[in-house]
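Engineer: would you be able to build a 3D model of this:
(chains A, B, C and D)
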There are 2 protein chains.
Amino acid sequence: MKRNSGRRPTMADVAERVGVSRALVSLVFRNQPGAGEETRERVLRAADELGYQPDTAARLLARGRSRTLGVVITVHQPFQADLVEALYPAAERLGYDVLLSAHLPGLPGRDERRAAEALLSHRCEGVILLGHALTAAQLEALGGDTVAVAVSRSVPGARIDCVRSAEGQGVRQAMDHLVQLGHRDIVHLDGGDGPGSAERSRAYRAAMRAHGLTGRIRILPGAHTREAGVGAGELLLTEGRLPTAVLAGNDTSAMGLLMVLMRAGVDVPAEISVVGYDDSHVSHLLPVGLTTVRQDAVALAERAVRFAVDRLEGEGAAPPPREAVLEPRLVVRGTTAPPRV
Amino acid sequence: MKRNSGRRPTMADVAERVGVSRALVSLVFRNQPGAGEETRERVLRAADELGYQPDTAARLLARGRSRTLGVVITVHQPFQADLVEALYPAAERLGYDVLLSAHLPGLPGRDERRAAEALLSHRCEGVILLGHALTAAQLEALGGDTVAVAVSRSVPGARIDCVRSAEGQGVRQAMDHLVQLGHRDIVHLDGGDGPGSAERSRAYRAAMRAHGLTGRIRILPGAHTREAGVGAGELLLTEGRLPTAVLAGNDTSAMGLLMVLMRAGVDVPAEISVVGYDDSHVSHLLPVGLTTVRQDAVALAERAVRFAVDRLEGEGAAPPPREAVLEPRLVVRGTTAPPRV
DNA sequence: ACTGCTGACTAGCGCGCTCTAGTAGAGCGC
DNA sequence: GCGCTCTACTAGAGCGCGCTAGTCAGCAGT
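Structural biologist: Residues are numbered from 1 along each chain as shown, chains lettered A, B, ... in the order given. Below you'll find the model as predicted:
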């Protein structure tokens, strides 16, 4: 690796140094047959000496494809971090590379559209949106021009591939668990406009009704943030009487809630049970562990990549939008117990 | 926006539709003078109708520059999320775009080198490494071929631009604060190979010595993870006697520690004081707030971008590697108090 | 000697864009 | 009429690579 000040070396430089044609160097770098063993090695050595690295932009331009998937993320979301972690190997197995672009809710000019455009303009062939907040129309616009897959949030009516888990089932499992333990006074901490939260609170209501607890339905406004959990905890504490159980919108808000409760000396789960949602890896951090609804990040990521790749490599007419709904599974850990009598 | 199945439209398609030359379309899309007002509008309208979007790969190839900075991140690190959040606007102000690539410690094939290469091959002009774990030699190799800036971790001897905060000062402030409160039995939870942790534990030892507490120096092995904090907390609890204060390697491990302690009914800060490091936004989440050493993510990000851009746009010979050392500041919140007598 | 074939290598077009060097035509002063 | 400038636009050469369609030497078979 030699520092080569000035412009970066190109294939032509390598070719010239070895005394062969550019095409031969190209062959070598693409691992294609057609180059002699000895020449191949001389090319690689020369490239190394020059510090040559193939230029992806040019490579992309020349062959039609980039084999790169763009992923739009929201920073500060542990479950999305889990997804990203799972996306890389899933994409790699199918021969795709991954590029990330952040959507920053705080920064005006940096919404999902902008992030997706940045990715596309870098020749990503498809875009995977993690927990976006786009409307059906915006999704359609995106999906019309390109291959796009939405993860976690299903937007009814949007003609776009979507991967999510069956929120209703997950919530139902959690609620059944709580009711079975003997809880009746179960409050739901809403997830605001977070992915899946509309479905989750709908399912909460349905479950309460199903268990004959219609009169006890109570939904606290919230978000998928720790701040929201903290706020909800403080609200509950000021009320004097705690519910016996809380179903949080996701793990992050559950953790915020737990933080406040424990801090106030409330005994979890003896005095109050808390259930999270996602099984992002924060839920393993309590010594007792957070009871939560597990969304399989690996499976979600694999499905998302598969949808994108299918569409990219599919022959003929584009198939109609598909939806994969994965079954979540309640993971009972230490934050739930029968209510105190 | 019309769904245009088949290949995506190019400049030539737009030009043909309007009945002008490709060059004119190019002018319009670069907002350059030289096109009549009416033509300009016709071009834009045609482009919109075709769903044309300029192809960055080709654009990059054609003009020398991409004006894009690559950022190598580690997923699951709140402080890095803060940095990323600050990097976008900082880069944008200087007219640069940002692309992210993750380094996954878990996945073998996905180390910092690989992440950086992915970014470079997508024509990023420079790479900003957030809390990497590369050796001096690896950094040099990277810095030799390209513009690279390391954030948070200074590697002695590596000839590469570096932005970090003065760990020694930060730790010193935290230690002075604890000692002034009356603490003598102060344990340090090490950050393992996390960025800055070597300097932090060195500074811890120095501060203990400076306060005449050499005999009480105690460093618990750890990492910049919540798991490490949880582990340390459990260890301390099994020992029966808690220290009166803990200086954690970063906020994340401090939170893990706090979680366990509170869970065990330990009163923070009455029974034990805890100081974090970073002031990542998790530290605001406790109702009382985490006392921590604030690293200014915005300033760090701005400096990192500025270093990269200076090098990219600097004329003449490359300047010697620079280092920016920002002053951290202790932020006293609710997790520190005088020890119980 | 001719053909056929294989392995090693090359010429050169094209990917979609930028950018330099130009041209056509209008307007203007003399 | 002439040159001159200015605006609106165009021709065409790259940028670094991939890829198709070759060339050419060497060798076996008839």
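Engineer: up against DNA strand D, what does chain A have?
Structural biologist: Within chain A, the positions near DNA strand D by CB under 7 Å from any atom of the strand are A:7-8, A:10-12, A:22-23, A:26, A:29-30, A:52, A:54-55, A:58-59, A:61-63. Quick note: C-beta positions are derived from backbone N, CA and C, even for glycine.
Engineer: near chain B, from these?
Structural biologist: Among the residues of chain A next to DNA strand D, the residues within reach of chain B (CB under 8 Å from any CB of the partner chain) are A:7-8, A:54-55, A:58-59, A:61.
Engineer: need the contact partners of stretch A:296-311.
Structural biologist: A:69, A:79, A:82-83, A:85-87, A:90-91, A:94, A:96, A:125-126, A:128, A:147, A:149, A:151-152, A:161, A:163-165, A:280, A:318-319, A:322, A:324, A:326, A:328 (CB atoms under 8 Å, 6 or more residues apart in numbering or on different chains).
Engineer: now the buried members of those residues.
Structural biologist: Among the contacts of stretch A:296-311, those classed as buried by 16 or more other CB atoms under 10 Å in any protein chain shown are A:69, A:79, A:82-83, A:85-87, A:90-91, A:94, A:96, A:125-126, A:128, A:147, A:149, A:151-152, A:161, A:163-165, A:280, A:324, A:326, A:328.
Engineer: looking at the residues you listed, which are in helices?
Structural biologist: Of the buried ones among the contacts of stretch A:296-311, the ones assigned to helices by DSSP state H are A:79, A:82-83, A:85-87, A:90-91.
Engineer: dihedrals phi and psi, residue A:173?
Structural biologist: The phi and psi values for residue A:173, taken as degrees, to the nearest 10, are phi -60, psi -40.
Engineer: what's near enough to touch it?
Structural biologist: Per CB under 8 Å, 6+ apart, neighbours of residue A:173: A:293, A:328-330.
Engineer: so which of these comes closest to DNA strand C?
Structural biologist: Comparing the contacts of residue A:173 against DNA strand C with CB to the nearest atom of the strand places residue A:328 closest, at 42.2 Å.
Engineer: look up the closest residue to the closest one, ignoring the ones flanking it.
Structural biologist: Spatially, and ignoring its direct neighbours in sequence, residue A:328 is nearest to residue A:170 (3.5 Å; CB to CB, 6 or more residues apart in numbering or on different chains).
Engineer: correct me, but the one you found touches residue A:277?
Structural biologist: Yes - with contacts counted by CB atoms under 8 Å, residue A:170 reaches residue A:277, the gap being 6.8 Å.
Engineer: which residues are common contacts for these two?
Structural biologist: Contacts common to residue A:170 and residue A:277, judged by CB under 8 Å, 6+ apart, are A:200, A:293, A:295.
Engineer: follow-up on the earlier one: please give me every residue in contact with the residue nearest to residue A:328.
Structural biologist: Neighbour list for residue A:170: A:200, A:203, A:277, A:293, A:295, A:328-330 [criterion: CB under 8 Å, 6+ apart].
Engineer: residue A:110 now?
Structural biologist: Applying CB under 8 Å, 6+ apart, one finds that residue A:110 lies in contact with A:102-104, B:88.
Engineer: tabulate the residues you listed (JSON lines), appending secondary structure.
Structural biologist: Converted to JSON lines, those look like this (DSSP: H, G, I helix; E, B strand; the rest coil):
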{"residue": "A:102", "secondary structure": "strand"}
{"residue": "A:103", "secondary structure": "strand"}
{"residue": "A:104", "secondary structure": "coil"}
{"residue": "B:88", "secondary structure": "helix"}
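Engineer: per-domain residue ranges of chain A.
Structural biologist: Following automatic domain parsing, one gets these domains for chain A: A:11-54, A:68-165+A:297-326, A:167-295.
Engineer: any chance you could map the strands in the stretch 151-300 of chain A?
Structural biologist: A:161-165, A:186-189, A:218-220, A:245-248, A:273-278, A:291-294 (DSSP state E, counting those that start in this stretch).
Engineer: quickly, which of those strands bottoms out on average pLDDT?
Structural biologist: Of all these, strand A:161-165 carries the lowest average pLDDT, namely a mean of 93.
Engineer: between the ones in helices among the buried ones among the contacts of stretch A:296-311, which is nearest DNA strand D?
Structural biologist: Nearest to DNA strand D among those: residue A:91, at 19.4 Å, using CB to the nearest atom of the strand.
Engineer: these two touch, right, the closest one and residue A:85?
Structural biologist: No - with contact defined as CB under 8 Å, residue A:91 does not reach residue A:85; the gap is 11.7 Å.
Engineer: rewinding a little: show me the two of the contacts of residue A:110 that sit farthest apart.
Structural biologist: For these, with distances taken as CB to CB, the pair at the greatest spread is A:103 and B:88 (10.0 Å).
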